[in-house]
Structure formats: structure tokens, C-alpha cells
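Q: sequence? don't have it. structure:
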């Protein structure tokens with residue numbers, strides 16, 4: 001009569017079979033729990049909505065963060081800065097002198113007769129630095145945006161992250177259930193699968209630079225959090241609206257009014273501004289197009305306040321996005337460790353195997369004696 005290795009090992013250690021079964025079961029239960037954590041945490045943390053919000057944000061602002069978009073924004077704000085500086089420090093004093101007024105008197109008279117121009121001029125010391133800071137932030141965060149836009153990869157939407165957690169959890173649960181209930185003889189194979197799955201997830205997460213990309217998201221949200229609030233978006237809109245109204249009234253009414261005061265035609269005033277104050281003339285000419293581009297940016301901010309706040313709460317509110325890596329790899333590490341320990345604990349020691357081999361040889365030499373022991 002032939003006996004399996006397990007029979008010989010049980011002769012050496014009567015509790016061996018029981019220990020193997022328990023070790024495999026515990027390991028597979030741990031795998032099952034880790035899989036449930038993967039799926040459950042993704043659902044509990046509302047990842048379908050939050051990852052869709054990230055996609056909405058990146059889709060809305062992707063053109064802004066291109067090289068061309070950043071270059072245009074820098075050029076636009078530089079034109080506005082040069083216009084404002086030359087208008088306030090040179091054009092206004094020169095026009096005031098021609099009218100035999102002080103600069104303050106001229107600004108006061110214009111503000112009274114053209115209130116939108118007066119309001120815009122009065123707010124420039126606040127609104128201009130604000131938009132400068134906003135454009136500087138866009139340029140500084142361009143690389144972080146590109147990293148965030150590549151979660152999980154450049155060609156996959158961020159919503160894939162939710163499905164990644166869910167599918168990985170489903171695989172882990174399925175592996176555990178097969179080993180525990182459906183095919184117990186496959187328990188060892190399922191432990192091997194668990195080990196490979198856990199190590200693969202850890203390796204792929206590092207290969208995809210998940211920690212770096214998650215940190216990029218934190219850098220972005222930290223930089224723009226004050227802007228992407230209801231109050232911040234409203235303030236941004238107010239600043240832009242005041243500049244737009246100032247530009248419209250300045251070109252349609254205030255400059256023609258000044259031309260009349262100077263007893264020249266509007267065309268003559270425009271020519272004089274172009275000759276003596278080129279930055280002012282350039283600003284007046286380009287301002288409608290510049291403000292139109294800023295309007296697209298500000299509208300995007302207003303429309304995505306909710307999306308930003310959802311994205312800023314990954315994995316939960318007031319926690320850094322870098323915890324996403326831990327949420328992914330900690331269960332993966334637990335699964336890999338459970339698979340490894342299950343395999344190790346379910347494997348006979350070298351000493352037991354040597355004794356079992358010796359017993360096998362004795363059985364082959366004297367079957368009756370060993371078979372009695374087995375029985």
C-alpha cells in the first residue's frame with residue numbers, strides 16, 4: 001500500500017494536517033478582509049463622484065495648463081501690467097497737465113462722470129496683484145497639473161482609480177472564497193495567487209508613480225484652495241467684471257470725453273496715445289481679447305468650485321491625497337504577507353520532511369510495520 005507524503009508527515013507530527021488547514025484558512029480569511037477593505041473603502045469614500053470631479057477639473061483646465069496656455073496668460077497679464085503702470089504714472093499726469101489739472105483732480109473728475117472707470121481705477125491696486133498671483137500660480141503648478149492629469153496613466157481617466165480598487169478587491173475576495181469554500185484543494189494555489197497579487201499591486205503603483213502624482217494633487221489643491229471656494233470664485237468674478245466695465249466705459253465714453261475736453265478728435269487722441277504712451281495704446285487695443293480669455297478662466301473657476309472641493313477630499317476631507325497610496329498598498333502588503341505566511345506555515349519543515357523521507361524508505365523496506373503506524 002502506498003502512502004502520500006502527508007501521511008508520513010502526520011506520523012511525525014499528528015497535528016500537521018490540522019495546522020496546515022488552519023494556516024491556510026487564516027491566511028485566506030485575511031486576504032478576504034483585505035479585498036473587502038479595497039472595495040468598501042472606495043465606495044465609502046465616494047470615489048465614483050470624487051474621481052469624476054477630478055476628470056471634470058482636468059478636462060476644464062487642460063488648455064490653460066498647456067505650454068501655449070501658460071505663455072498666453074503670462075503675455076496677457078504683462079500687457080495689463082504695462083498698460084496700468086504707464087496709464088497711471090505717465091498718461092494721467094500728462095493729460096492732467098494739458099487740462100491744467102492735478103492728476104488727482106483729473107481722476108476725480110473722470111470718476112464722477114464715468115463711475116465704472118473710476119471704480120476700476122480705484123480697484124486696480126487690489127485686482128491687479130490678485131490676477132498676477134493667479135497667473136503666477138498657473139505657471140508654478142503646470143507640472144503638478146500634468147502629473148495629476150496622468151492619474152492613473154496619461155491615457156486613462158481618473159475614474160479608473162475607483163474601478164481599480166473595486167476590481168482588485170473583487171479579485172482578492174474571489175481568490176479567498178475559492179480557497180476557503182469552492183475548491184479547498186486549491187487553497188495552496190490561491191495563496192500563491194494572493195502573494196503574486198499583493199506584490200504586483202505594490203510594484204505597479206510604484207511604476208505608475210502613484211505617490212508622486214498624489215503629491216502633485218495636494219500641491220495643486222493647496223495652491224488654489226482659496227480661489228476655488230464660493231467666496232473666492234465670486235471675488236475673482238467681481239474683479240474681472242470691474243475691469244471689463246472699466247475698459248468698456250473707458251473706450252466708449254471716457255476717452256472721447258477727454259478728447260472733447262482737449263479739443264481734439266478721438267482719432268487724434270488715439271494717435272497721440274500711440275505715439276507718447278505705446279503701452280497704453282497696446283493695452284487699449286488688446287484688452288477686449290485679453291479680458292475674453294480671462295473670462296473663460298474665471299468662468300471655469302466658478303463652474304468647478306464643487307468639483308474642486310470633491311477632488312480636495314480624496315480620500316477624505318482634511319486628509320492628504322498621498323494617503324491614496326497607503327489605501328492601495330497597505331491591503332496589497334497584507335494580502336502578500338498573508339499569502340507568504342500561509343504558504344510557509346502550511347509547508348513542512350526540512351526536519352519533518354527528512355524524517356518523513358526516512359519513514360518512507362522504511363515503509364518500502366518493511367511495509368507492514370509502517371502501515372501499522374499509519375493505521
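A: Perfect, thanks for sending it. Quick caveat, the model's predicted, so the values are computed rather than measured.
Q: tell me the contacts of the closest residue to residue 137 other than its chain neighbours?
A: Distance criterion CB to CB, 6 or more residues apart in numbering; nearest residue to residue 137, sequence neighbours excluded, is residue 223 at 5.3 Å. C-beta here means a position set from N, CA and C on the backbone, and glycine is covered the same way. Neighbouring residues of residue 223 by CB atoms under 8 Å, 6 or more residues apart in numbering: 137, 140-141, 144.
Q: now do residue 146
A: Taking CB under 8 Å, 6+ apart, we find residue 146 in contact with residue 65.
Q: Likewise for the one 5 residues further on?
A: With contact set as CB under 8 Å, 6+ apart, residue 151 has these partners: 54, 158, 161, 210, 213-214, 217.
Q: three-state assignment of it?
A: Put simply, residue 151 is coil when judged by DSSP: H, G, I helix; E, B strand; the rest coil.
Q: buried stuff in stretch 154-166?
A: For stretch 154-166, burial by neighbour count (16 or more other CB atoms under 10 Å) applies to 157-166.
Q: and which of the residues you listed is nearest to residue 110?
A: Comparing the buried residues of stretch 154-166 against residue 110 with CB to CB places residue 158 closest, at 50.0 Å.
Q: sorry, back to before: what helix or strand does the residue nearest to residue 137 sit in?
A: helix 210-224 (DSSP states H and E).
Q: Mind listing what's buried along the helix or strand that that helix is followed by?
A: For helix 210-224, the following helix or strand on the C-terminal side (DSSP H and E) is helix 230-249. Within helix 230-249, the residues that count as buried by 16+ other CB under 10 Å are 232-233, 235-236, 239-240, 242-244, 246-249.
Q: next one: stretch 202-217
A: Within stretch 202-217, the residues that count as buried by 16+ other CB under 10 Å are 202, 205, 209-211, 213-217.
Q: Let's have the residues you listed in JSON lines, adding distance to residue 22 and pLDDT.
A: Below are the buried residues of stretch 202-217 laid out as JSON lines (distance: CB to CB, whole Å; pLDDT from 0 to 100):
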{"residue": "202", "distance to residue 22": "27", "pLDDT": "97"}
{"residue": "205", "distance to residue 22": "32", "pLDDT": "95"}
{"residue": "209", "distance to residue 22": "40", "pLDDT": "95"}
{"residue": "210", "distance to residue 22": "35", "pLDDT": "95"}
{"residue": "211", "distance to residue 22": "37", "pLDDT": "95"}
{"residue": "213", "distance to residue 22": "41", "pLDDT": "96"}
{"residue": "214", "distance to residue 22": "38", "pLDDT": "96"}
{"residue": "215", "distance to residue 22": "42", "pLDDT": "96"}
{"residue": "216", "distance to residue 22": "45", "pLDDT": "97"}
{"residue": "217", "distance to residue 22": "43", "pLDDT": "96"}
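Q: Pick the one among these closest to residue 328.
A: residue 205 (5.4 Å).
Q: Confirm for me that the closest one is in contact with residue 325.
A: Yes: Residue 205 is within contact range of residue 325, at 6.4 Å (criterion: CB atoms under 8 Å).
Q: Need the residues touching each of the two.
A: residue 211.
Q: Tabulate the buried residues of stretch 202-217 (a markdown table), appending distance to residue 181.
A: Below are those laid out as a markdown table (distance: CB to CB, whole Å):
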| residue | distance to residue 181 |
| --- | --- |
| 202 | 27 |
| 205 | 30 |
| 209 | 38 |
| 210 | 33 |
| 211 | 37 |
| 213 | 38 |
| 214 | 37 |
| 215 | 41 |
| 216 | 43 |
| 217 | 40 |
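Q: So which of the buried residues of stretch 154-166 sit within helices?
A: Counted as lying in helices by DSSP state H, out of those, are 160-166.
Q: List just the nearest of the residues you listed to residue 117.
A: Taking CB to CB as the measure, residue 117 lies nearest residue 161 of these, at 49.8 Å.
Q: Return the residues in contact with the residue lying closest to the closest one once chain neighbours are set aside.
A: Spatial nearest neighbour of residue 161, chain neighbours left out: residue 51 (5.1 Å); criterion: CB to CB, 6+ apart. Residues near residue 51 by CB under 8 Å, 6+ apart: 157-162, 314.
Q: Try it again at 7 Å.
A: Going by CB atoms under 7 Å, 6 or more residues apart in numbering, residue 51 touches 158-159, 161-162.
Q: ok, and what's touching stretch 114-121?
A: Residues outside stretch 114-121 that contact it (CB under 7 Å, 6+ apart) are 107, 110-111, 242-243, 245-246, 249-250, 253-254.
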